[in-house]
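>>> Sharing a sequence plus its predicted fold:
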2 protein chains.
Amino acid sequence: MQSVMSSGPSLEADSVSILRSIIPGLESTKHKGQAGKIAVVGGCREYTGAPYFSAISALKIGADLSHVFCTKDAAPVIKSYSPELIVHPILEESYSIRDEEKSSISAKVIAEVEKWIERFDCLVVGPGLGRDPFLLDCVSNIMKHARERNVPMVIDGDGLYLVTNCLDLVSGYPLAVLTPNVNEYKRLVQKVLNSEVNDENGTDQLLSLAKGIGGVTILRKGKSDFVSDGKTACAVSIYGSPRRCGGQGDILSGSVAVFLSWACQCAAKGEVSMNPTMLGCVAGSALLRKAASMAFDNKKRSTLTGDIIECLGISLQEICPV
Amino acid sequence: MQSVMSSGPSLEADSVSILRSIIPGLESTKHKGQAGKIAVVGGCREYTGAPYFSAISALKIGADLSHVFCTKDAAPVIKSYSPELIVHPILEESYSIRDEEKSSISAKVIAEVEKWIERFDCLVVGPGLGRDPFLLDCVSNIMKHARERNVPMVIDGDGLYLVTNCLDLVSGYPLAVLTPNVNEYKRLVQKVLNSEVNDENGTDQLLSLAKGIGGVTILRKGKSDFVSDGKTACAVSIYGSPRRCGGQGDILSGSVAVFLSWACQCAAKGEVSMNPTMLGCVAGSALLRKAASMAFDNKKRSTLTGDIIECLGISLQEICPV
């Protein structure tokens, strides 16, 4: 696996072709929403940057609308980052409510999300979600509703903490994508396969993990990214940057959400044969890696996540010129 | 000393070589956090710019993660300056709490900080801290916990006010760095050496002061910066700018924190022989002076602290090209 981890040519996905195959045409007859409506569930008292990075990345890649569902405390801050986002201050954390209010508030949260959920082409669950038990309980309910309505979900950060502790939320749902980093992957492997991460045989273990969660798609982030839906596996090793500033995972989750929604449109029209979740992961990974590489060329050690987001558009244009 | 203050060749540190010797390699096998996790303790109802400048400077120099622990009032503002920071609204000032709540709130603050403190490679205490007695009391407790866990600390601004009044917080702690300006230095000399600042014999006095506080490292800011850990002393006189806009000390504290954490990594691997706190101070001072000089060349009298922060990356790149 170690050699494959570096640049295994056999596993490497043709990410440029994949990107080109799923990107939608830009026609002036289209109307608002047809290029994608994404929602990020995340943002709490502690974290506001992560949901912003994820949601704004979706827009910068070409989605038409990008929503954020966050706590009341986080909403004004996230709104202040950009007027481009639609930010719903509907979640609550334990510290701000009394025990006897919990069930009514939980019902209100779901009622609010219910109004919107079917309109979304993809949900991103987890950026800056935090770990408040009451909040995570509400988010579990949101995920159940999204699943009932067949809304694809990309799960990252504290969403992975939630899912690792309650695999039923995604198990057997083919429209779920998990995007673990080193530590999150380790916890998933321990929980699902009851073993340690084994890089000697990394691809097989990734296949087993995805199969073990009933065929969800896993994008394992690292020096090379690896993707599997339990049936096939591939790698994305092109481009990339050595800078590891926090927030790049948030760009990735927003990016995968957009490409996944486009891939699903293609799949519905019979234009692609590969699993759309796999296509979304490969495209999202390749674009982030290219944007990170361009930002690093320019800013070097000083590169921040915001600098990478500014390179999403030009990176996409270089791969798929309009 | 007056001559040494200007450009004493014997004392001058080889800051460029020091910078190059401690800066970590950029390898794509590394993961998030390995290039440094910094936390700033500061930010109250009155001050929000200072902790932002310190924390964002750490990121722009190459740290992977930068946190701020501030009051509840300050948090939304600091968050809104940049989504790149992780801002924890945990501190309280006297005006917002009742006397009978103080001990329970104090315990909650410590419990919250406890969850995080061991993960940080360096703490910056003081930027925009203010002088509320209850808040300073909580910060004293945070400093005691950091010290027990051997987390290095850079102390500036109102953190120096706190420390000058309670020397035990840092006395004998070799991982403490104090970064006083003219007035803060004067108060330290009066308190510790029971005398006035004597520039005729400035280096000896600085050595005595650092020794008098049990071997902490002191970075005395001025036309030239002077650094001593009580055993040796050196100066940083290269670059620099005549503009004295407020906030440059905050860049310096964030900058010293990153370099100090890198120097500690090198020391742990036996790659450097000099005291890592001294190395961190020299590197931080030199980089700020170069960035200030570049910003001044461009903006002249109009130079603000934000303009200097924008020059950190290119300054670092010129000294240590990637």
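All right, it came through fine.

>>> can you list the residues of the stretch 151-300 of chain A near chain B?
A:181-182, A:222-223, A:240-248, A:299-300 (C-beta under 8 Å from any C-beta of the partner chain). In short, each C-beta sits where N, CA and C put it, glycine included.

>>> list the contacts for the residue of chain A found nearest chain B?
Closest approach between chain A and chain B, counting by C-beta to the nearest C-beta: A:Ser302, at 2.6 Å. Under the criterion of C-beta atoms under 8 Å, 6 or more residues apart in numbering or on different chains, the contact partners of A:Ser302 comprise B:Lys60, B:Ile61, B:Gly62, B:Leu312, B:Gly313, B:Ile314, B:Leu316, B:Gln317.

>>> Between all of those, which two are at the greatest distance?
Farthest pair in these (C-beta to C-beta) is B:Gly62 and B:Ile314. Separation: 13.1 Å.

>>> Look at those two and report which has more neighbours.
Using other C-beta atoms under 10 Å in any protein chain shown as the criterion, B:Gly62 and B:Ile314 rank with B:Gly62 on top: 26 against 15.

>>> Give the closest residue to the more buried one in space, chain neighbours not counted.
With C-beta to C-beta, 6 or more residues apart in numbering or on different chains as the measure, A:Arg301 is the residue that lies nearest to B:Gly62, at 4.0 Å, once sequence neighbours are left out.

>>> The one you found falls within a strand, correct?
No. Going by DSSP: H, G, I helix; E, B strand; the rest coil, the assignment for A:Arg301 is helix, not a strand.

>>> Roughly how far does A:Cys245 sit from B:Lys221?
Distance from A:Cys245 to B:Lys221, counting by C-beta to C-beta, to the nearest Å: 28 Å.

>>> filter the residues of the stretch 151-300 of chain A next to chain B to the buried ones?
In terms of neighbour count (16 or more other C-beta atoms under 10 Å in any protein chain shown), the buried residues within those are A:181, A:222, A:240-248, A:299-300.

>>> In helices, which of those fall?
A:Gln248, A:Lys299 (DSSP state H).

>>> For the residue nearest the centre of chain A, list the residues it contacts.
Centrality entry for chain A: nearest residue to the mean C-alpha point is A:Ser253, 2.4 Å, by C-alpha atoms, centre = their mean. Listed by C-beta under 8 Å, 6+ apart, the contact partners of A:Ser253 are A:Val40, A:Ser54, A:Val124, A:Gly126, A:Pro127, A:Val154, A:Asp156, A:Gly157, A:Thr179.

>>> same question, A:Leu207
Residues touching A:Leu207, when contacts are defined by C-beta under 8 Å, 6+ apart, comprise A:Ser228, A:Gly230, A:Lys231, A:Ala233.

>>> repeat that with 10 Å
For A:Leu207, the contacting residues are A:Asn201, A:Ile218, A:Phe226, A:Ser228, A:Asp229, A:Gly230, A:Lys231, A:Thr232, A:Ala233, by C-beta atoms under 10 Å, 6 or more residues apart in numbering or on different chains.

>>> which of the residues you listed sit farthest apart?
Using C-beta to C-beta, the contacts of A:Leu207 reach their maximum pairwise distance at A:Asn201 and A:Asp229, which is 18.3 Å.

>>> And the two? Which one has more around it.
For A:Asn201 versus A:Asp229, neighbours defined as other C-beta under 10 Å are more numerous around A:Asp229 (20 against 12).

>>> Need phi/psi at that one.
With angles defined as degrees, to the nearest 10, A:Asp229 shows backbone torsions of phi -110, psi 20.

>>> and stretch A:118-130, how far out from the chain's middle?
Here the centre of mass of C-alpha atoms in stretch A:118-130, compared against the chain's by C-alpha atoms, centre = their mean, to the nearest Å, lies 8 Å away.

>>> Alpha carbons of that stretch, as CSV, please.
Listed next in CSV are the C-alpha coordinates belonging to stretch A:118-130 (Å, rounded to 0.1, in the frame of the first residue of the first chain):
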residue,chain,number,x,y,z
GLU,A,118,-36.3,18.5,-0.3
ARG,A,119,-35.1,21.6,-2.2
PHE,A,120,-31.4,20.7,-1.6
ASP,A,121,-29.3,18.8,-4.0
CYS,A,122,-26.8,17.9,-1.3
LEU,A,123,-26.4,18.4,2.4
VAL,A,124,-23.0,18.8,4.1
VAL,A,125,-23.2,17.7,7.7
GLY,A,126,-20.5,18.5,10.2
PRO,A,127,-18.3,21.6,9.5
GLY,A,128,-18.0,23.4,12.8
LEU,A,129,-20.8,21.4,14.3
GLY,A,130,-19.3,21.0,17.7
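
>>> Now it: buried residues?
For stretch A:118-130, a neighbour-count test (16+ other C-beta under 10 Å) marks A:Phe120, A:Asp121, A:Cys122, A:Leu123, A:Val124, A:Val125, A:Gly126, A:Pro127, A:Gly128, A:Leu129, A:Gly130 as buried.

>>> And for stretch A:155-172?
Using 16+ other C-beta under 10 Å as the test for burial, stretch A:155-172 gives A:155-164, A:167, A:169-170.

>>> and if you look at stretch A:186-206?
Buried residues in stretch A:186-206, counting neighbours by 16+ other C-beta under 10 Å, are found at A:Leu188, A:Val189, A:Val192, A:Val197, A:Gly202, A:Thr203, A:Gln205, A:Leu206.

>>> For those, give me a markdown table that also has pLDDT and secondary structure.
Written out in a markdown table, the entries for the buried residues of stretch A:186-206 read as follows (pLDDT from 0 to 100; DSSP: H, G, I helix; E, B strand; the rest coil):
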| residue | pLDDT | secondary structure |
| --- | --- | --- |
| A:Leu188 | 98 | helix |
| A:Val189 | 98 | helix |
| A:Val192 | 98 | helix |
| A:Val197 | 97 | coil |
| A:Gly202 | 95 | helix |
| A:Thr203 | 96 | helix |
| A:Gln205 | 97 | helix |
| A:Leu206 | 98 | helix |
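
>>> Closest one to B:Pro174 out of those, please.
Distance from B:Pro174 was checked for each of the buried residues of stretch A:186-206 by C-beta to C-beta. The minimum falls on A:Val197, at 37.6 Å.

>>> Please name the residues that touch the closest one.
A:Val182, A:Tyr185, A:Lys186, A:Arg187, A:Leu188, A:Val189, A:Gln190, A:Gln205, A:Leu206, A:Leu209, A:Arg220.
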